[in-house]
Structure formats: structure tokens, C-alpha cells
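Novice: What shape does this take:
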Amino acid sequence: MTGGGSNGRTGPDVFVSYSRNDRDAARRLIDFLEQSGFSVWWDGMLEAGTVYTRTTEDALEHARAVVVVWSARSVESHWVRDEAQSGRDRGNLIPVSIDGSLPPLGFRQFQSVDLSDWDGHGEASSARNVRDAVARLVDPDNPVAPAPPAPNAPPAPAPTARSRTVWIAAAFGALLIAAIAVWQLQDAPAPTEANSLAILPFDNLSDDREQSYFSTGLAEEMRQFLTQQSNLQVVAQASTRAAAEKGGEAQAIATDLGVRYLLDGSVRRSQDKVRVSVHLIDGTNGFDIWSQAYDRSLDDIFAVQSDIARKVASALKARIQASGRGSAARVGGTENAAAYDAYLRGITLYDLALDESSDRAAQAQFEAAVRADPSYGAAWAALSRVQTTIANSYSNDRPTSEIYDAAIASARKAIAVAPDLPAGHAALGYVLLNGRLDVAAARQPYQTAYKRGARDADILQAYATYMGRVGEFDASLAANDRAVALDPLNAVIQRQRAQVLYAAGDLAGARTAINKALKLNPEMSVASRILADISYLEGDYRTALRLYEDEGSDLSRFTGLALARFKLGDTAGADAAMAQLRARFGDNGLYQQAQILAQWGRKADALKALEQAFAAGDSGLVLLRNDPLLKPVRSDPRFKRILSRLGFN
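Specialist: Just a heads-up that it's a prediction; the model follows:
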């Protein structure tokens, strides 16, 4: 079993490291992984007379994934630590905890999957998380387990679509590669503005590669600093990162991004010391305008940030006559080193957009940040967003309404401690709209966020989404235009534009926008569904069926199959798709059931499903006002009452 892993490669799929005292728990995990189709190496396979160290090192070196079983006993084991370090250095470490113990120092930036309550059955979500993580490492081109888990295990939750940006290239490499590969397919950048700036990802020069979260986080903090400077137009991080990955001279990068200036830098961190080097570059000729190196303690990193922001703004002021009204301090920031470090770790985890484990780990880091500094507005805003995401996406051990209450409280705390921070207002609008389904109440925080964050692509996109939901399409598209200008290589912004145009009835414009999104990211979720919906409304049901079949989201695929098959006369197939939708999503798919029933001509049943969706708090109802698929019931008084109860005008 130690050879013949996936794709004909030598060595085992998985190396399992554990303390001998934890053998029973480790054996349950080993059995589960083997039943899932992976080849697993563990020390119980050693034969009498085998040279232990040589055999172990060979298996460890050639394993595609290293699963480390942490416990109160294994954290004290030098063997386990050495094997974990090998996995960490090779980038294939998957840590699990069998008793809730934290990994030792040096390994805590990797969130452990909690298996403390797992009894060995494969249907547990924690076990599936381990299996799926192994599958991604064993065969990145086909990141699914080679054999299914136990026959009764339910399918894994469908991934949620979120507007996020990933710091770690391994988790989001496919998007970057796709963006780079189609670079030449994009429209030419807009004329360069004299006040435009891009902040390139700072290089991590530390001996410890795990410090990359700090260097990339520092660059993003600088972007936030300078976004708040008046009269500066700062390109968003997704496009900047893609341009940097493409490589080339400074002038070529500036041209691709359509900016005049670049801020580049590097970070070297050693324990509590940090060295930051920065260069402000004129993109028209590639020459440095200003450069400086800082050698400080970690506690002084905030002074470094402020000084860099002040000097960049000052250097540009002479060139662009900036008004100088912007603050050289980060609105909603902190001067607490522990809070700052936890916040950067949380952002890294949340931006991965991987699964429940990474989202809950992000929440823990944001909670640590606000405990260390209760006046840290950015951390409170981030905590609110992840709380809303968790309430919307996963089963929880307390009522969802309580989690939404906590998210609202976190957002209000962000606003209280940092009234000028756009992210706090946007977080409040997000939870009121998607959690409380209170469309009217969400308007004011979204508008405030837009007013304060008109130079931030993420804020612009959030506002554009809300305005599209309430049917103010011109305002939505205007905000989207500004977001695209700041983040031209962000596929999610193009997808959001397609959804607004689709709701507005501009099917040709929606098709153009979603095709642009697909050029940036050919693997983007929900894109096939949008194209299929367009074909469906145009009456091309066969094309719609093919596109629905290609959609990766189960929720979208089952809904679309029920729609298209019915129109093509396959009522049995349509009924089967509806049954799959109900079995897979239950009350979380009531809104989609209403769409299907309305298109099937069962108006009374569609309205009943919408009323049930309202009672259940189905977040799909935010689409209600402009959904073309609900046109058959739109004039019914019951439909209008639901609109009114949601707060739509």
C-alpha cells in the first residue's frame, strides 16, 4: 500500500504522524482514509528488521500529504514535531487535533481540524474536511477522494460564492493562472490617471516562509491606508496581485494596471524584529521616486505604516497637488501588536474561502484581535462578516438568530469605535440584508459605506450588489463601473455585473459580462448557471440544459435541471431534479423550489414555498424583487405582501 499513489506516482498518498499513546485514535483516521481510497503509510506497517529511520524518511519525503495528529501527548513528541516540520516545509501539512490541543509554536498558523468528537464514522463533517484536504494535495487536478466514503454519508455542502481575495497562492493559484493566461484577452486599460497607484504584494524575505501572511497583510494594510487618502486612486489587491504574478518590468506592470505609480516592498521578520523596505516607483520610466528601509520592533510596525503612508502621500502631492486632507493613520486600525497579528491571520484564513474549518478559524482569530484591542474597528467589521457567513452557510450549535444578533452587535461595535470605517457600515448592511432579510434597514449602512469608501473596490461592489437587489440598476452599474476601474482583473465583480444586468432584463449585456468573468476565471462557480438562465429566458432550453449540467453548484444545477427538463417535456427528469433539490437542501432551498414551481405553472404552490422561505429566513429572498423566474406570480397579492414584509419598495 505504500506505492502506486494517484497518477502513477511513487510513494504513499498520505503519511500519518502520531504519538504511540494516540494509536487508537490515529488508527480510526487511518482506516477512514484507506476506506476513502488513499494509500496510507504509518509506522504500524514497518516489518521486523526494517531500518526505521530510513523507511520512515523515505515515506515522509514521497508522501503527497502529511497528516499530523496533535494531542496533549504528541505536542511533546520530537518525532511528531520533526515530521510535522517536513510537511510544513513541503507545503503539504494537514494538522488534526484529537483532544482540542493547540499545535506547538511554529505550527499554529495552520488551522487544525477538530476530531475530538469524531467516533470514526465517515459522515462527520470534520472527517470529510480531512478527506477533502488530502484529495486536494494528492491530485490537485481532480481534488476529490478516489473512492466515496460510507454509503450513507450525505454529500458535502456546496461551496458558497463570496467576494473574497486569497492571500495564499496554493489555495487560489488556479484563479491567478487563469487571469494571467487570458491577460491579452482583456480590454485595454483606461488612460492612466496622474493620481493612480498600485501596491504590489510585499515579498517575504524571512527565513520562515510561514511569515508570508504578515508581509502580504502589511501590503494590504498599506493599500487601506492610502485608499483613505483624498485624491488617490488605489488599485484593488486582486488585480495588483495578478499583475505582479505575471511579472515584468515596473513600466509593463503599471501599463497593465493603468496606473501611474507603484509601491513595492519587502519584509523580513525575526521574532519581535521587523525590517520593511519600500520603493515608490514612477510607472512611466521605472525610476524610484522615494525609497526607505525601516528596522523596528514589531510594536513599532504601526509607526512604520503611518510614516510610509505619509511619505508616499507627500511624494505624490507635489506631482498631483493632492489636497492633503487624508489621514496618515489607518481608520479603524490598531496599535496593539498582538491584535494586529491575529487580525492578519484571520484575514488570511477568511480569504481562503475553503470550508467551515477555515471560516471558524478566522472567527477565532478576529475574536482574539478584539479581545486584545476592543477598539479595533477593522477587526470588529471582519468578525461581523465571518459570523454572518457562518450563520448562512453551516449548521450551528445555537439558533441562527443568535448568531445574526452577534454579527449585528459586532458591526455596530465597529461603527461605534470607528465611525469613518466603511467596512463597519458595509458589514452591518450585509447582515441586515442577508441575515435579517430587512432590505429597508440595510439601505442606510450601505449608503454610508459607499459615501465613506468610494475608492475601495470591495465597498463599491457591496453597494452595487445592494442597489441591484432593490432595483436601482443605474446606480448599481455606476458603482460597478468604478469597482471595475479599481479592480479590472477581478472576475467576481464582472459576475456581479452580469447578475444585475440579468435582473434588469438586459440579457445581451449579462452574457457579455459573464463571459468576461469566465475569461478571468474559467472555473468560476455560478457562471454556467447565469449563462443557462439567459438561454432559458431566451427559449433555448437545450442549450440551457447543457449549461445547467455543467454548473458546479448543486443548488444551481438541481434548480436549472428541473426548469429545463420540464420545458423539454421530460417531466420525470424534472421531478427527479426537484426531489434531489429537496433532499439535498431542505428548507434552505425553498426559494429555488418556488422558482421551479412558478415556471411549472403551479402558482399557488410557488407562493406557498415563498411564504415558507420567509418564515425560515431563506436568504435567497433577497433576489425576490427582480427575479425573472418569478414573473408568473409577481402580480399576485400574496407575492406583493412578501415584498412589503421584506422591506422592498
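Novice: For burial, what's the neighbour tally of the residue nearest to F473 when sequence neighbours are not counted?
Specialist: Once its chain neighbours are removed from consideration, F473 has its nearest residue in A504; the separation is 4.4 Å (C-beta to C-beta, 6 or more residues apart in numbering). Quick note: C-beta positions are derived from backbone N, CA and C, even for glycine. For A504, the neighbour count with other C-beta atoms under 10 Å is 18.
Novice: got a list of contacts for the helix or strand that E367 is a member of?
Specialist: Taking DSSP states H and E as the definition, one finds E367 inside helix 356-372. Under the criterion C-beta atoms under 8 Å, 6 or more residues apart in numbering, residues 111, 113-114, 125-126, 129, 157, 334, 336, 338-340, 342-343, 345-347, 349-350, 352, 376, 379-380, 382-383, 386-387, 389-390, 393-394, 413 lie in contact with helix 356-372.
Novice: Now which of those would you call buried?
Specialist: For the contacts of helix 356-372, a burial check counting by 16 or more other C-beta atoms under 10 Å picks out 111, 113-114, 125-126, 129, 157, 334, 336, 339-340, 342-343, 345-347, 349-350, 352, 376, 379-380, 382-383, 386-387, 389-390, 393-394, 413.
Novice: and those, which of them are in helices?
Specialist: Counting by DSSP state H, the part of those found in helices is 125-126, 129, 339-340, 342-343, 345-347, 349-350, 352, 379-380, 382-383, 386-387, 389-390, 393, 413.
Novice: All the strands of this protein, residue numbers only.
Specialist: In the chain, strands defined by DSSP state E lie at 14-17, 40-41, 65-70, 93-97, 113-114, 196-199, 203-204, 233-234, 261-270, 273-282, 288-297, listed in chain order.
Novice: With L531 as the reference, name the closest of those.
Specialist: Proximity to L531, assessed across the strands of the chain by C-beta to C-beta, is greatest for strand 196-199 (31.6 Å).
Novice: List the pairing partners of that closest one within its sheet, with orientation.
Specialist: Strand pairing for strand 196-199, using DSSP bridges, gives strand 233-234 (parallel), strand 261-270 (parallel).
Novice: give the contact list for the residue lying closest to T571 once chain neighbours are set aside.
Specialist: Once flanking residues are discounted, T571 sits nearest to R565: 7.7 Å by C-beta to C-beta, 6+ apart. With contact taken as C-beta under 8 Å, 6+ apart, R565 is in contact with L545, T571, G573, A574, A577.
Novice: run the last query once more with 7 Å
Specialist: Contacts of R565 were listed using C-beta atoms under 7 Å, 6 or more residues apart in numbering, and they are L545, G573, A574, A577.
Novice: will you turn the residues you listed into CSV that also has pLDDT, distance to R641 and neighbour count?
Specialist: Shown next, in CSV, are the contacts of R565 (pLDDT from 0 to 100; distance: C-beta to C-beta, whole Å; neighbours: other C-beta atoms under 10 Å):
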residue, pLDDT, distance to R641, neighbour count
L545, 97, 34, 22
G573, 97, 34, 16
A574, 97, 29, 21
A577, 97, 29, 23
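Novice: Can you tell me which of the residues you listed is nearest D119?
Specialist: A577 (34.4 Å).
Novice: Wait, the closest one touches L561, no?
Specialist: Yes - applying C-beta atoms under 7 Å, one finds A577 in contact with L561, separated by 3.9 Å.
Novice: Mind telling me which of the strands of the chain the model trusts least?
Specialist: Mean pLDDT across the strands of the chain is lowest at strand 288-297; the value there is a mean of 75.
Novice: Can you list the buried residues in that one?
Specialist: Within strand 288-297, the residues that count as buried by 16+ other C-beta under 10 Å are I289, Y294, R296.
Novice: Give the partner strands of it in its sheet and their orientations.
Specialist: Counting by DSSP bridges, the strands paired with strand 288-297 are strand 273-282 (antiparallel).
Novice: Might you list the low-confidence residue ranges for the stretch 1-150 of the chain?
Specialist: 1-10, 44-55, 105-106, 108-111, 123, 141-150 (pLDDT under 70).
Novice: go with 90
Specialist: By pLDDT under 90, the weakly predicted segments of the stretch 1-150 of the chain are 1-13, 19-28, 31-38, 41-63, 70-92, 97-133, 135-150.
Novice: Show me the helices in it, by range?
Specialist: Secondary structure of the stretch 1-150 of the chain (DSSP state H, counting those that start in this stretch): helices at 23-35, 52-62, 78-90, 125-138.
Novice: now the longest one against strand 93-97, angle please.
Specialist: Angular relation of helix 125-138 and strand 93-97 on a 0 to 180 degree scale: 170 degrees, by axes from the mean of the first three to the mean of the last three C-alpha atoms, to 10 degrees.
Novice: where's the closest residue in space to H62 that isn't next to it in sequence relative to V134, distance?
Specialist: Closest residue to H62 in three dimensions, ignoring its sequence neighbours and counting by C-beta to C-beta, 6+ apart: G11, at 2.6 Å. Taking C-beta to C-beta, to the nearest Å as the measure, G11 and V134 are separated by 14 Å.
Novice: Among these two, which residue is more densely surrounded?
Specialist: It is V134, of G11 and V134, that has more neighbours when counted by other C-beta under 10 Å, with 24 against 18.
Novice: hmm, back to that, tell me which of the strands of the chain lies nearest to Q599.
Specialist: Between Q599 and the strands of the chain, the shortest gap by C-beta to C-beta is with strand 113-114, which sits at 40.9 Å.
Novice: elements contacting that closest one?
Specialist: Counting contacts by 3 or more C-beta pairs under 7 Å, 6 or more residues apart in numbering; DSSP states H and E, the secondary-structure elements packed against strand 113-114 are helix 125-138.
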